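Asker: my questions are about this predicted structure, shown below with the sequence.
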Amino acid sequence: MQPARKDLAPPKDDPFTQEQLRAFDGSDANKPVYVAIKGTVFDVSHKRETYGPGGSYSLFAGKDASRALGLSSLKPEDAVPDYSTLEEKDRKTLDEWHSFFTKRYNIVGRVADLPEAVANL
């Protein structure tokens, strides 16, 4: 596991719709790669080989795939932002992923149009 970074920029709160976030899936080499967890948008560009096209975690790029992270799933049908039905143990896993990303990737914004079931969680 990679260590926490000491050179992270102050977090930003720029709003992204889910549609806007899709443009940052790594398919355009001139754009950064973003992954969102629980509505927080992270810039994972320095790990493009992992999150970009063909990478082992490319499923998470350009979207909020909170449910899949909570379930430790790589199934496309789980890569959705609505994690409201996760069991407590899976929510704990999701919180651990959010913490992991917070310590390693710059926060560049938030998802502005999360499903209502998780918008205020």
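Answerer: Looks like it came in fine.

Asker: got a list of contacts for stretch 107-121?
Answerer: Stretch 107-121 has contacts (CB atoms under 8 Å, 6 or more residues apart in numbering) with 11-18, 21, 32, 34, 36, 38-43, 64, 66, 81-84. Every C-beta, even on glycine, is put in place using the N, C-alpha and C of the backbone.

Asker: can you tell me which of the residues you listed are in strands?
Answerer: 15-16, 34, 36, 40-43 (DSSP state E).

Asker: weed out the non-buried ones from those.
Answerer: 16, 34, 36, 40-43 (16 or more other CB atoms under 10 Å).

Asker: got the CA coordinates for the longest helix anywhere in the chain in CSV?
Answerer: Ordering each helix of the chain by length in residues (DSSP state H) puts helix 88-102 first. Provided in CSV are the C-alpha atoms of helix 88-102 (Å, rounded to 0.1, in the frame of the first residue of the first chain):
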residue,chain,number,x,y,z
GLU,A,88,-22.6,-1.7,8.2
LYS,A,89,-19.4,-3.7,7.4
ASP,A,90,-19.5,-2.5,3.8
ARG,A,91,-20.0,1.1,4.9
LYS,A,92,-17.0,0.7,7.1
THR,A,93,-15.0,-0.5,4.1
LEU,A,94,-16.2,2.5,2.0
ASP,A,95,-15.2,4.9,4.8
GLU,A,96,-11.8,3.2,4.9
TRP,A,97,-11.4,3.8,1.1
HIS,A,98,-12.5,7.4,1.5
SER,A,99,-9.9,7.9,4.2
PHE,A,100,-7.2,6.1,2.1
PHE,A,101,-7.9,8.4,-0.9
THR,A,102,-8.0,11.6,1.3
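
Asker: if anything else comes up later, I'll come back, but that's it for now.
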